[in-house]
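Chemist: would you be able to build a 3D model of this:
(one chain, ligands or ions: 1)
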Amino acid sequence: MMFTADAHCDVLWKAAENTASVVNAGTLRQGGVNLQNAALFVPPSLPQNRQYALLNKELRIFQEMTQSVQNPNEQHPDYMLSLEGASLIEDDLKEWARLKEAGLEMAGLTWNERNQLAAGSEQSNQFGLTEKGKNIIEWMNHHSIVLDAAHLNEQSFWQALEYAGKTAVSHTNVRSLHDHPRNLTDEQVRALVHREGFIGLTFYPFFINGTDQADFSDIGRQVEHLCSLGAASITGFGSDFDGIANTATGMESPAGFPDLLEWLLQRFHEDTVKGIAGANFHRFRHRHF
Ligand SMILES: [Zn+2]
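Modeler: All right, here's what the predicted structure looks like:
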């Protein structure tokens, strides 16, 4: 079994909203997942007190998940915590410190919206990183929190890269195959290769090819394109399970990983597949900067 990692899913949000989640102990075990990132996500459109209540509930759920790992009789992945968008806390350093204390390892400055820190992927490129956003990135560097640039618009992305330490784009696809603002341009991919960042591929058909259907060969084309840009050693998965309305066929849940990896092994070098399966994300996570 290959070490398998997923750099992004929204199980905490699903669980906090009491909705059925495709990421659970059973599917993670079936999928042989060794490392599962769980993102804190609160819809920025909710009233602020509702957002805080939801955030706190998600933090409690994460604690329960990691505590259950301590039971040696049960097989669980290693869980890591990220923040998907900081519109709720913006530059409130007390809140940032509280999340760091709870185990936060990776954070995005925005979701799709614009806030006091940066502009998200749905925003015009006349908006970018702000002075406050730059200060938060510096705080993150100081506290070893990885910048997740997944939801930044292009302007914010390039500005953030000037200040950021370790940088991931946890759940995305490539614009060369489908021109969507949430996807990466070849130039962005090359910049991430240059700084040994990380790129996690989602299983969301709408990002993969612009339709509501995709299969393993579509995922294979994403991998092939990233390899052609020299990104084989920084690519992995960021499924976006529980955050997307539909998925690529065969990747309806983490249980699909073994079949996908088997499919990739028939088409790519074993070392490349090992890297993409999880070794690249594992190395990225543990590298000091
Ligand atoms: Zn997202």
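
Chemist: now do the buried residues in stretch 22-42.
Modeler: Using 16 or more other CB atoms under 10 Å as the burial criterion, the residues of stretch 22-42 that qualify are 22-24, 27-28, 31-42. C-beta here means a position set from N, CA and C on the backbone, and glycine is covered the same way.

Chemist: do stretch 151-168 as well
Modeler: Neighbour-count burial for stretch 151-168, counted by 16+ other CB under 10 Å, picks out 151-161, 163-168.

Chemist: gap between the two ends of that stretch?
Modeler: One end of stretch 151-168 to the other measures 11 Å (CA to CA, to the nearest Å).

Chemist: centre-most residue in the chain?
Modeler: Most central in the chain under CA atoms, centre = their mean is Ser170, positioned 2.8 Å from the mean C-alpha point.

Chemist: in a strand, that residue, correct?
Modeler: Yes: membership of Ser170 in a strand is supported by DSSP: H, G, I helix; E, B strand; the rest coil.

Chemist: the closest residue to Leu12 other than its chain neighbours: what's it in contact with?
Modeler: Spatial nearest neighbour of Leu12, excluding adjacent residues (CB to CB, 6 or more residues apart in numbering): Glu58 at 4.0 Å. Residues in contact with Glu58 (CB atoms under 8 Å, 6 or more residues apart in numbering) are Leu12, Trp13, Ala15, Ala16, Leu40, Phe41, Val42.

Chemist: show me what the longest strand that the chain contains is packed against.
Modeler: Of all the elements of type strand in the chain, the one with the most residues (DSSP state E) is strand 33-40. In terms of contacts (3 or more CB pairs under 8 Å, 6 or more residues apart in numbering; DSSP states H and E), strand 33-40 is packed against strand 4-6, helix 11-16, helix 48-69, strand 78-83, helix 280-286.

Chemist: list the contacts of Lys14.
Modeler: By CB under 8 Å, 6+ apart, the contact list for Lys14 reads Ala20, Ser21, Val23, Asp242.

Chemist: need these in CSV with distance to Glu101, can you?
Modeler: Below are the contacts of Lys14 laid out as CSV (distance: CB to CB, whole Å):
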residue, distance to Glu101
Ala20, 30
Ser21, 25
Val23, 24
Asp242, 25
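
Chemist: out of these, which is nearest to Pro181?
Modeler: Closest approach between the contacts of Lys14 and Pro181, by CB to CB: Asp242, at 21.9 Å.

Chemist: which of the buried residues of stretch 151-168 fall in helices?
Modeler: If you go by DSSP state H, these have Glu154, Gln155, Ser156, Phe157, Trp158, Gln159, Ala160, Leu161, Tyr163 in helices.

Chemist: between those, which sits nearest Met140?
Modeler: Distances from Met140 to these, taken by CB to CB, are shortest for Tyr163, at 9.3 Å.

Chemist: what's near enough to touch the closest residue to that closest one other than its chain neighbours?
Modeler: Leaving aside its sequence neighbours, Tyr163 sits nearest to Ile137 (CB to CB, 6+ apart; 4.6 Å). Taking CB under 8 Å, 6+ apart as the contact definition, Ile137 lies against Leu109, Leu129, Leu147, Ala160, Tyr163, Ala164.

Chemist: the second one and Phe268, how far apart?
Modeler: Taken as CB to CB, to the nearest Å, the spacing of Leu129 relative to Phe268 amounts to 36 Å.
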